[in-house]
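> Predicted model, plus sequence, below.
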Amino acid sequence: MEAVLEAQARDTFGKNEARRTRRGGQVPGILYGGSSKGATPISVAPKALLKILHSESGQNTLIALKLAGAGDNRVLVKDFQLDPITHDVLHVDFLQIAMDKLLQVTIPIIVHGEPKGVKQQGGILEFIRREVVIEVLPADIPEHIDVDVTELMLHQGVRVRDIAANAKWKPVSDLDLMLVHVIQPKAEEVAAPADAATASVAEPEVMKKGKKEDAEADKKDDKKDDKKKDEKKK
């Protein structure tokens, strides 16, 4: 996907200049790698920028940045900052790119289908990584990479090497990295046996009962001894 974005040059860098730009209804930004191969302060319209960032390709959207006096520049959003409360864009950095040179970008993984290991074997589909780094020409950057998990059985998964080959790009991430797999649900903890719990409670009661019986026996013996003494006196 390619988008068009209008930009205006700013006079200087600095926080005060950035604040004035925001008060004027624009988003302050920096263009890196422009005609001077340095950093050029610019500003862009917030609504147009947010529309690009919220698109399916998001930060990987190829942008034709129209800057007065510098013509069209093909750029990507290098970085941006959001207000934590209002979620307004506070600042944005653009990187000018050459259309004939490969670059590395991070692309989201989109999973399709329900694994047989989930439907037939009661497993759970677990995501390990939701993105993969690829090398690609700017014009061929995909919005996402599709992964079909329908045939996955229990304990099977999809690694980077399993992604369908594409002539326009190649993966840069480690080929052995796991993306998704079907795992066995964790077994619930087994409760302690009821007999064991009962025994631990009953044992002190038996001991107490034994002590009580011994005490009663001692009292009976004492009474017998007292009775014998009385008979002798008589």
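Arrived safely, thanks for sending.
> residue ranges of the strands in the protein, please?
2-9, 27-32, 39-44, 62-67, 71-82, 89-96, 103-112, 124-127, 131-136, 145-148, 157-159, 169-171, 178-183 (DSSP state E).
> Of those, flag the one that's most buried.
strand 27-32 (a mean of 22; mean count of other Cβ atoms under 10 Å). (Each C-beta comes from the backbone N, C-alpha and C, glycine too.)
> could you say what helices and strands it packs with?
Applying 3 or more Cβ pairs under 8 Å, 6 or more residues apart in numbering; DSSP states H and E, one finds that strand 27-32 contacts helix 15-23, strand 39-44, strand 71-82, strand 89-96.
> Select, out of these, the one closest to residue 172.
strand 71-82 (16.3 Å; Cβ to Cβ).
> Domain ranges for the protein, per the record?
Using automatic domain parsing, the domain parsing of the chain gives 2-96, 103-183, 193-234.
> Any chance of JSON lines for these, columns mean pLDDT?
JSON lines is the format used below for the domains of the chain (pLDDT from 0 to 100):
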{"stretch": "domain 2-96", "mean pLDDT": "91"}
{"stretch": "domain 103-183", "mean pLDDT": "95"}
{"stretch": "domain 193-234", "mean pLDDT": "50"}
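> circling back: so which of the helices and strands packed on strand 27-32 gets nearest residue 110?
Going by Cβ to Cβ, the one of the helices and strands packed on strand 27-32 nearest residue 110 is strand 71-82, 20.6 Å.
> What's the local residue count around residue 52?
Look at residue 52: counted by other Cβ atoms under 10 Å, it has 20 neighbours.
> residues in contact with it?
Residues near residue 52 by Cβ atoms under 8 Å, 6 or more residues apart in numbering: 3, 5, 58, 61, 63, 77.
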